[in-house]
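> Okay, here's the prediction I keep looking at, along with the sequence it came from:
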Amino acid sequence: MTKPSRRFNTLFFYWLLLSWLFLFSLVTANGQPVTNKFQSASKDSLSAGFPTFRWVAPAVLTGTGLALSPNYPNSHFDRFYVRSELQATIHFRTHADDYLQYGPAIAWAGLSVAGIKGHSQLLDRVFIGLLAYGMSTVAVFGLKHATNELRPDGTDMYSFPSGHTANAFTGASLLDREFRDVSPWIPIGGYTMATTTGLLRMTNDRHWVSDVLVGAGIGLLSTEVAYRAYPWLKRKFSRHKVTPH
């Protein structure tokens, strides 16, 4: 690793640490969510209806990523052009994205462990998170093995889609879902880390722009499906419980 790269990693680590300290102090100052509309609901219930726009973002990201994926000769509207422009402009390499992908999930878990009230009860929150990450992981690895897309740096055939970006956006969406009523800065911080992860995957020449956009779409969609499916799964398994006589 070159000296500028090491310096960038060090600065990035301190930036991330300061961000977490700021986030923790912000949550401590706020104490509780500004609204108790979710807490007033039954402990065992989760809303099954979500605004339509929550489905628009993953559809747009995935659609744009797929549109940029083919090779259009002499066109600005493809992954090859974006990659060449990016690599010509940015020359550093860093491993920060290997850690930053987990940032939103760590924040989500940390706030939960700290007892900050969110959208759902703690146990429900854990199962929703497991469901979201499970679906995201299955989708990502399934597509990687099905498409066999060569990475920009030529190291292997598992480029499409970006698993790092999918992880980051799954965590950011969970953070948004649970804690947006505590402070708007929480989802902003989560999506900033997720977006930075995707950008670093491209600047490190590990992924095409199409990989990153589809990965982000998978992460967002997995969380939305998890929140939609979990209440149904919970009711289904509850009906199969054996009641003592």
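Okay, I see it. Numbers count the residues shown, from 1 in each chain.

> which helix in this protein runs the most residues?
Determined from DSSP state H, the single longest helix within the chain is helix 209-239.

> I'd like the mean pLDDT over it, please.
Averaged over helix 209-239, pLDDT sits at 92.

> Stretch 70-87 too?
Averaged across stretch 70-87, the pLDDT comes to 88.

> May I see the buried residues of the longest helix of the chain?
Of the residues in helix 209-239, those buried by neighbour count under the rule 16 or more other C-beta atoms under 10 Å are 209-228, 230-231, 234. (Glycine included, C-beta is placed from N, CA and C.)

> elements contacting it?
The helices and strands touching helix 209-239, judged by 3 or more C-beta pairs under 8 Å, 6 or more residues apart in numbering; DSSP states H and E, are helix 53-68, helix 79-89, helix 122-147, helix 163-179, helix 185-203.

> Now tabulate these in JSON lines and tack on distance to G110 and mean neighbour count.
Supplementary listing: the helices and strands packed on helix 209-239 in JSON lines, determined by distance: least, C-beta to C-beta, whole Å; neighbours: other C-beta atoms under 10 Å:
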{"stretch": "helix 53-68", "distance to G110": "24", "mean neighbour count": "16"}
{"stretch": "helix 79-89", "distance to G110": "33", "mean neighbour count": "14"}
{"stretch": "helix 122-147", "distance to G110": "13", "mean neighbour count": "17"}
{"stretch": "helix 163-179", "distance to G110": "10", "mean neighbour count": "28"}
{"stretch": "helix 185-203", "distance to G110": "11", "mean neighbour count": "22"}
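
> Touching, D97 and D205? I think so.
No: under the contact definition of C-beta atoms under 8 Å, D97 does not touch D205, with a separation of 11.7 Å.

> So, low pLDDT: which residues of the chain?
In the prediction, the chain carries residues with pLDDT under 70 at positions 1-53, 240-245.

> need the contact list for the residue nearest the centre of it.
When the chain is reduced to its mean C-alpha position, the nearest residue by C-alpha atoms, centre = their mean turns out to be F169, at 1.2 Å. F169 makes contact with 104, 191, 194, 198, 215-220, according to C-beta atoms under 8 Å, 6 or more residues apart in numbering.

> please redo it, this time with the cut-off set to 10 Å
F169 makes contact with 57-58, 61, 101, 104, 136, 162, 176, 190-191, 193-195, 197-198, 212, 215-223, according to C-beta atoms under 10 Å, 6 or more residues apart in numbering.

> just D153 next, same as before
Shown in contact with D153 (C-beta under 10 Å, 6+ apart): 87, 93, 159, 204-207.

> which SS class is it?
coil (DSSP: H, G, I helix; E, B strand; the rest coil).

> Could you check how far it is from L174?
Between D153 and L174 the distance, using C-beta to C-beta, to the nearest Å, works out to 30 Å.

> what does P187 give?
According to C-beta to C-beta, P187 stands 10 Å off from L174.

> what's the answer for P70, then?
32 Å.

> Then A168?
Here A168 is placed at a distance of 11 Å from L174 (C-beta to C-beta).

> any common contacting residues for these two?
In the contact map built from C-beta under 10 Å, 6+ apart, the residues linked to both A168 and L174 are 104-105, 190, 219.
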